[in-house]
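Engineer: Have a look at this fold, sequence not included:
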């Protein structure tokens, strides 16, 4: 089925309370994610880009219910996991996994590699005890780890190898869907390419669905099929890779792309430099959130919140310029 | 038996290290170093810094780590030099050697010269040999540094004003407090911060981009001749990175300083640098103008680096990836360090480490693939001259 959506997110919101005073009363909310909706098809990669603090990671964590969303709906393979109780959620856990940003802090330094990869497998009783070791070795082989690494500890590995261990740990549970939270940004350029290639190969072999979170636009362009651009907790533009990169519509997307340095000294791109910084998500600007930094700001932008509009072919943009 | 040998080996290393530490401490304790020891001559008076066979070693318990091993390049006045390489290739250690900030006694400059063209006195100093007292006058004043993480560079318990004024008043003791503050505000204005009461703000009250601007202001406060920027934008977002890069480029023209830009991002280098130095495992594998490196890369490592980076609006199905890892910095092999990861090895690669050969006036590469080419050029060039 071509139109099978593994992940559906509808109007997801996550507010973090700000507490102050002696009584720790809630005085406000940080609107980390403020009404985000998107869908991911099976076997596709959804790239989520945006500046730091725009809520990319919070979305990833809310989808996996590592934090409970404030409101909204997250469906994984058709099941609304937001409503499930903890016990009911458990059988779903192996289906959705996460790869974290920093391979140096996401591995337990006191566990050998085999155990790191196999811990969850044992916990969920995925394979029988007699097949266990063989299974782990197979997963390790798929991820480019040598069999004799099984008894080594994480500190004996380089950054790239550790990230392979993290990927193997996620894959061991045979997931359908993996949230990759900046999996390559802590790695060197030459190692980055190895990991990206590995992730692409695995996706082909196992029909994996990725939510790829990154601030590195060139990496996102390389790996994604559909891209969502976030700004201050809201999705400003979504569309297929070609639509977004060839014809960016939202002024923020345009500025973001023009800011990427190109490895060619002859190309001096016409930069759209954004003035100032990203506003605080606890007190976002009225109207369109981007209007404080937008070069094409109109009077309407300061008052009305733009509504997402479909510009054809699933290219959705939230901007008053296209009313 | 093997165990015993190993223990003996470790003992030997320890003994050797102790000897080195003692030498270093003796050197450091010296209050006065006679001028004759550190005065040198610049090869080219237009250069601001000349690295000549610089060797910076770390004497660790498992052996000597040659972080920088025989690095030679120049920084011309008013130009930007980009130093590229993966982590652990010695780019930061090179910059720390200039500032004499290596963590002693383990980290030491073991050999070579860093010639600095001091404009105020018209002397040429060998920074590897000058006394710490002399160095304190240069550091932050004539050569200053911008570090990677603005949050760890700034002290969280002092205000921006305290930290900025300290740097100015330290190098200009004759200035009054009011003049120092005015100067501080002026430099902040130069980096684009105009805001009331900024001097009374603490670092945590500013955003990442603002903090990096403050760090840049600190580096520029004393009109340096050379600014070393060690991954100045790695911790920042792309949009903020674009702001900071633009700022650095503008400032370079304004104050007529040279910039040594250390980064692993080839895109940033292409935007900023006039000359590029590519380092691998403590040595320079290729150097040349930005045009040489980006349009005619010669070393397989440089070519690999370029290809392994996904580019915007360029479709490739699979990224090229350099196989393997950076070699262990202890006990580096005799042959070319890149041999085990290289896909265009020739017979000569098993031989000694290739020397740096010139492909053109500016372009130099250290690879056996080009040894013959250079020799050929020399021959034909010689004939033409004759």
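Structural biologist: That came through, no problem. Everything numeric here is computed off the predicted structure, so don't read it as measured data.
Engineer: Can you name the residue of the stretch 1-150 of chain B nearest to chain A?
Structural biologist: Nearest to chain A, among the residues of the stretch 1-150 of chain B, is residue B:86, at 4.2 Å (Cβ to the nearest Cβ). Bear in mind the C-beta positions are built from the backbone N, C-alpha and C, glycine included.
Engineer: That residue touches residue B:327, doesn't it?
Structural biologist: No - under the criterion of Cβ atoms under 8 Å, residue B:86 makes no contact with residue B:327, lying 11.4 Å away.
Engineer: more crowded one of the two?
Structural biologist: More crowded of residue B:86 and residue B:327, by other Cβ atoms under 10 Å in any protein chain shown: residue B:86, with 20 against 17.
Engineer: quick one, phi psi at the more buried one?
Structural biologist: According to degrees, to the nearest 10, the main-chain angles of residue B:86 amount to phi -80, psi 170.
Engineer: Kindly report the same for residue B:258.
Structural biologist: Dihedral angles phi and psi of residue B:258 (degrees, to the nearest 10) take the values phi -90, psi 150.
Engineer: Now do it: how many residues are near it, please.
Structural biologist: 22.
Engineer: Residue A:252 contacts residue A:295, doesn't it?
Structural biologist: No - at 10.2 Å, residue A:252 and residue A:295 do not qualify as touching, with contact defined as Cβ under 8 Å.
Engineer: residues contacting residue B:62?
Structural biologist: Contacts for residue B:62 (Cβ atoms under 8 Å, 6 or more residues apart in numbering or on different chains) come out as B:10, B:13, B:330.
Engineer: how deep is residue B:325 tucked in, by neighbour count?
Structural biologist: Counted with other Cβ under 10 Å, residues neighbouring residue B:325 total 19.
Engineer: With residue B:41 instead?
Structural biologist: The local packing count at residue B:41 equals 9, with neighbours defined by other Cβ under 10 Å.
Engineer: Tell me the predicted confidence for it.
Structural biologist: With respect to pLDDT, residue B:41 has a value of 85.
Engineer: so what's it closest to, chain neighbours aside?
Structural biologist: Closest residue to residue B:41 apart from its sequence neighbours, by Cβ to Cβ, 6 or more residues apart in numbering or on different chains: residue B:124 at 5.6 Å.
Engineer: The one you found: neighbour count?
Structural biologist: Residue B:124 sits with 19 neighbouring residues when counted by other Cβ under 10 Å.
Engineer: In terms of helices and strands, where is it?
Structural biologist: For residue B:124, the enclosing helix or strand under DSSP states H and E is strand B:123-126.
Engineer: before we move on, what about residue B:318?
Structural biologist: Assessed by DSSP H and E, residue B:318 sits outside every helix and strand.
Engineer: circling back: neighbour count for residue A:252 and residue A:295, which is higher?
Structural biologist: Neighbours were counted for residue A:252 and for residue A:295 using other Cβ under 10 Å; residue A:252 has more, 27 against 11.
Engineer: from the middle of its chain, how far away would the host helix or strand of that one be?
Structural biologist: Taking DSSP H and E as the criterion, residue A:252 maps to helix A:251-258. Mean C-alpha position of helix A:251-258 versus that of the full chain (Cα atoms, centre = their mean, to the nearest Å) differs by 19 Å.
Engineer: Could you find the closest non-adjacent residue to the residue of chain B found nearest chain A?
Structural biologist: Checking chain B residue by residue against chain A with Cβ to the nearest Cβ singles out residue B:267 as nearest, at 3.2 Å. Residue nearest to residue B:267 in three dimensions, not counting chain neighbours: residue A:261, with 3.2 Å by Cβ to Cβ, 6+ apart.
Engineer: that older thread, elements contacting the strand holding residue B:124?
Structural biologist: Strand B:123-126 makes packing contacts with helix B:35-38, strand B:107-118 when contacts are defined by 3 or more Cβ pairs under 8 Å, 6 or more residues apart in numbering or on different chains; DSSP states H and E.
Engineer: try 10 Å this time
Structural biologist: Contact partners of strand B:123-126 among helices and strands, from 3 or more Cβ pairs under 10 Å, 6 or more residues apart in numbering or on different chains; DSSP states H and E: helix B:35-38, strand B:47-60, strand B:107-118, helix B:132-138.
Engineer: got the contact list for residue B:134?
Structural biologist: For residue B:134, the contacting residues are B:32-33, B:35, B:38, B:100, B:118, B:125, B:127, taking Cβ atoms under 10 Å, 6 or more residues apart in numbering or on different chains as the criterion.
Engineer: most neighbours, which of those residues?
Structural biologist: Looking at the contacts of residue B:134 with neighbours defined as other Cβ under 10 Å, the largest count falls to residue B:127 at 25 neighbours.
Engineer: Quick check, it in contact with residue B:109.
Structural biologist: Yes - in this structure, residue B:127 sits in contact with residue B:109. The criterion is Cβ atoms under 10 Å, and the distance is 8.7 Å.
Engineer: Would you agree the residue of chain B closest to chain A is in contact with residue A:262?
Structural biologist: Yes - with contact defined as Cβ under 10 Å, residue B:267 reaches residue A:262; the gap is 5.7 Å.
Engineer: okay, and the common contacts of these two?
Structural biologist: A:218, B:311-312.
Engineer: Sitting in helices, which of those do you find?
Structural biologist: Restricting the shared contacts of residue B:267 and residue A:262 to those inside helices, with DSSP state H as the criterion, leaves residue A:218.
Engineer: any idea how far residue A:282 is from the residue nearest to the spatial centre of chain B?
Structural biologist: Of all residues in chain B, the one closest to the mean position by Cα atoms, centre = their mean is residue B:95, 3.5 Å from it. Remark: distance between residue B:95 and residue A:282 (Cβ to Cβ, to the nearest Å) = 39 Å.
Engineer: if we can go back for a sec, does the helix holding residue A:252 reach chain B?
Structural biologist: Yes - contact of helix A:251-258 with chain B (Cβ under 10 Å from any Cβ of the partner chain) involves A:252, A:255-258.
Engineer: pLDDT on the helix ranked longest in chain A, on average?
Structural biologist: When chain A is scanned for its longest helix (criterion: DSSP H), the result is helix A:189-206. This predicted structure assigns helix A:189-206 an average pLDDT of 89.
Engineer: That helix: what's the following helix or strand?
Structural biologist: Past helix A:189-206, heading to the C-terminal end, the next element that is a helix or strand (DSSP H and E) is strand A:209-213.
Engineer: picking that back up, could you pull up the residues touching the residue nearest to the centre of chain B?
Structural biologist: Residues in contact with residue B:95 (Cβ under 10 Å, 6+ apart) are B:68, B:83, B:101, B:143, B:145, B:147, B:228-230, B:260-262.
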